[in-house]
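*Asks:* Any chance you can model this:
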Amino acid sequence: MQRILDLPAPEDTEALARAIAPGLGAGDLVALSGGLGAGKSLFARALIARRLAALGRSEDIPSPSFTLVQTYDLGAVELWHADLYRLGTIDEIAELGLEDAFGSAICLVEWAERLGPALPSRRIGLTLDFVADGDGRRATLTAAGGGWDWLAGTLAEMERA
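*Replies:* A predicted model of the protein is given here:
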């Protein structure tokens, strides 16, 4: 499944993240790509905030730019937020524990293309591109592998809102 969405304002990027957040479970990966400032971190923070809010929690959601990984305990599942912009070598992925997390946690990975051959084939890929006018973005969302049946309905509902 592939969908292209126009996101005219940053709030629309956040709305997309909040819409997708409840459907994610253990072993799900959202692989985020796009240039610097395209909205990858904005998307990730909104998704994490939505999952925390569902548990009645509000926390500071720091960027993992320097730590590379931040984890959040969501009760039944962990959520891993990784920013691979500063990843030195592909060998660091094993050191971070990401390969194990891909099977057991919800994973949000910024600069996911840096995973190379370690990028799981089952994933939601989200590429955010700048548009010519203003603060808008064009989102290309691709669901690969099985288990994403809920996503089309979620996106359709979001577009109607």
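*Asks:* Which residues outside the worst-scoring helix or strand of the chain on mean pLDDT are in contact with it?
*Replies:* Every helix and strand of the chain was ranked by mean pLDDT, DSSP states H and E. The lowest is helix 92-96, at a mean of 82. Outside of helix 92-96, the residues within contact range by CB atoms under 8 Å, 6 or more residues apart in numbering are Leu68, Val69, Ala82, Leu87, Glu99, Leu115, Ala118. To be clear about C-beta, it is placed using only N, CA and C from the backbone, and glycine gets the same treatment.
*Asks:* who wins for neighbours among the residues you listed?
*Replies:* When neighbours are counted by other CB atoms under 10 Å, Ala82 leads the contacts of helix 92-96 with 27 neighbours.
*Asks:* Can you list the strands that the helix or strand hosting that one pairs with?
*Replies:* Element membership for Ala82, per DSSP states H and E: strand 78-83. Strand 78-83 pairs in its sheet with strand 69-73 (antiparallel), strand 106-110 (parallel), by DSSP bridges.
*Asks:* For it, C-alpha coordinates in PDB please.
*Replies:* What follows is strand 78-83, C-alpha atoms only, in PDB (Å, rounded to 0.1, in the frame of the first residue of the first chain):
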ATOM      1  CA  GLU A  78       8.200  -0.500  24.800                       C
ATOM      2  CA  LEU A  79       8.500   2.300  22.200                       C
ATOM      3  CA  TRP A  80      12.000   2.900  20.800                       C
ATOM      4  CA  HIS A  81      12.700   6.300  19.200                       C
ATOM      5  CA  ALA A  82      16.000   6.300  17.300                       C
ATOM      6  CA  ASP A  83      17.700   9.100  15.300                       C
END
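*Asks:* Just give me the longest helix of the protein.
*Replies:* Using DSSP state H, we find that the single longest helix of the chain is helix 40-53.
*Asks:* for that helix, packing partners?
*Replies:* Under the contact definition 3 or more CB pairs under 8 Å, 6 or more residues apart in numbering; DSSP states H and E, helix 40-53 sits against helix 10-20, strand 29-34, strand 69-73, strand 78-83, strand 106-110, strand 123-130.
*Asks:* can you redo the ones you listed as a markdown table with distance to Glu159 and mean pLDDT?
*Replies:* Formatted as a markdown table, the helices and strands packed on helix 40-53 follow (distance: least, CB to CB, whole Å; pLDDT from 0 to 100):
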| stretch | distance to Glu159 | mean pLDDT |
| --- | --- | --- |
| helix 10-20 | 9 | 96 |
| strand 29-34 | 19 | 98 |
| strand 69-73 | 28 | 95 |
| strand 78-83 | 25 | 96 |
| strand 106-110 | 22 | 97 |
| strand 123-130 | 16 | 97 |
